[in-house]
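Peer 1: Could you work out the structure for the sequence below:
(one chain, ligands or ions: 2)
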Amino acid sequence: MDVENRLVLYCEKPLRNKGRFPIPKRCFKLQGHSGSCADFGYLAHIDEAAAGVGRKIRRDATKTTGASWRSKDAGPNRIDRWAMLLSDSDLLGYDLDVEALSPGVQAKLRDKRATYDDCIEVAQKLAWHVYNMRGAPAPPPDIRDYLEQLFGSLGEEETACMICGEPLEFEDFARAVRGKAEIETAHANPRAHNADNVGFAHRICNIAQGPRTLDEFYAWMESVLRRVRRI
Ligand SMILES: [Zn+2]
Ligand SMILES: [Zn+2]
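Peer 2: Residues are numbered from 1 along each chain as shown. Ligands and ions are numbered 1, 2, ... in the order given. The predicted model follows:
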């Protein structure tokens, strides 16, 4: 379902930014909310149910992907996505020498850039996808209302792997193959990080998609099957 509703009225009170790159952060709870201000308030219950899942959503929503291999050339591990909107010279002021990285790594990091608002919307959307998974805990009423206002009713469409279409199960988050999570955050277009473009996918499916858009990936798969199976 498309994001049809950007009319949710947030509290918007500024939050203290303890991060490395000082952009203005703000409260994304609803206006007039009780309790303290937060930009990830809608993850509170997921944190209680499975802390690792909440951490994963925060990390994937806001950070560039870490290097998947260990080498000097892999570049810096996990930078705020909004930092990659800054110029090379601004980043040098934050002790990040982009020009010293290989062109491939530079391009990879720039591909992951996103505004703070887009990152928050990605986290909200991922939370919504979690609650639509088989075996997921039911959200408390306030979080249900909040996410349904943003993305539509929960429980109507089951969250499936964005790439292969097989239903995902909440338990898959805990399952790991050689220390790697079975479920990853995926992008229909790997160069766009926003709520309309993200979902969850099997790790192996995500690896297979690689840097292609989903459309490119499916076209490639069809060409493979034509060659190999003469379909
Ligand atoms: Zn607030
Ligand atoms: Zn899959």
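
Peer 1: after the worst-scoring helix or strand of the chain on mean pLDDT, next one along is what?
Peer 2: Sorting the helices and strands of the chain by mean pLDDT, DSSP states H and E puts strand 180-181 at the bottom, at a mean of 62. Going down the chain from strand 180-181, the next helix or strand is strand 183-187, by DSSP states H and E.

Peer 1: what's the angle between the very next helix or strand once past that following strand and strand 183-187?
Peer 2: Per DSSP H and E, the first helix or strand lying C-terminal to strand 183-187 is strand 198-202. Calculated by axes from the mean of the first three to the mean of the last three Cα atoms, to 10 degrees, strand 198-202 forms an angle of 140 degrees with strand 183-187.

Peer 1: could you dump strand 198-202 to PDB, C-alpha only?
Peer 2: Coordinates of each C-alpha in strand 198-202 appear next as PDB, following Å, rounded to 0.1, in the frame of the first residue of the first chain:
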ATOM      1  CA  VAL A 198      12.000  -0.400   1.500                       C
ATOM      2  CA  GLY A 199      10.900  -3.700   2.900                       C
ATOM      3  CA  PHE A 200      12.400  -6.900   4.300                       C
ATOM      4  CA  ALA A 201      13.900  -9.700   2.300                       C
ATOM      5  CA  HIS A 202      15.700 -13.000   2.800                       C
END
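
Peer 1: Which positions in it come out as buried?
Peer 2: 198-202 (16 or more other Cβ atoms under 10 Å). Backbone N, C-alpha and C define where each C-beta goes, glycine included.

Peer 1: what about the strands in this protein?
Peer 2: Using DSSP state E, the strands of the chain run over 14-15, 25-26, 176-177, 180-181, 183-187, 198-202.

Peer 1: what's in contact with the fifth one?
Peer 2: Strand 183-187 is touched from outside by 56-57, 60-61, 126, 161-163, 168, 172-173, 193, 197-203, 205-206, 209, with contacts defined as Cβ atoms under 8 Å, 6 or more residues apart in numbering.

Peer 1: Would you quantify the distance from the residue positioned nearest the centre of the chain to ligand 1?
Peer 2: Nearest to the geometric centre of the chain sits Ala61, at 3.6 Å (Cα atoms, centre = their mean). Relative to ligand 1, Ala61 is positioned 19 Å away (Cβ to the ion, to the nearest Å).

Peer 1: pretty sure His202 is in contact with Phe173, am I right?
Peer 2: No: counting by Cβ atoms under 8 Å, His202 stays clear of Phe173, with 11.8 Å between them.

Peer 1: Tell me the residues that contact both of the two, please.
Peer 2: Shared contacts of His202 and Phe173 (Cβ under 8 Å, 6+ apart): 182-183.

Peer 1: now stretch 186-198, how far from the centre of its chain.
Peer 2: 8 Å (Cα atoms, centre = their mean, to the nearest Å).

Peer 1: same question, stretch 218-231
Peer 2: On Cα atoms, centre = their mean, the centre of stretch 218-231 falls 30 Å from the chain's centre.
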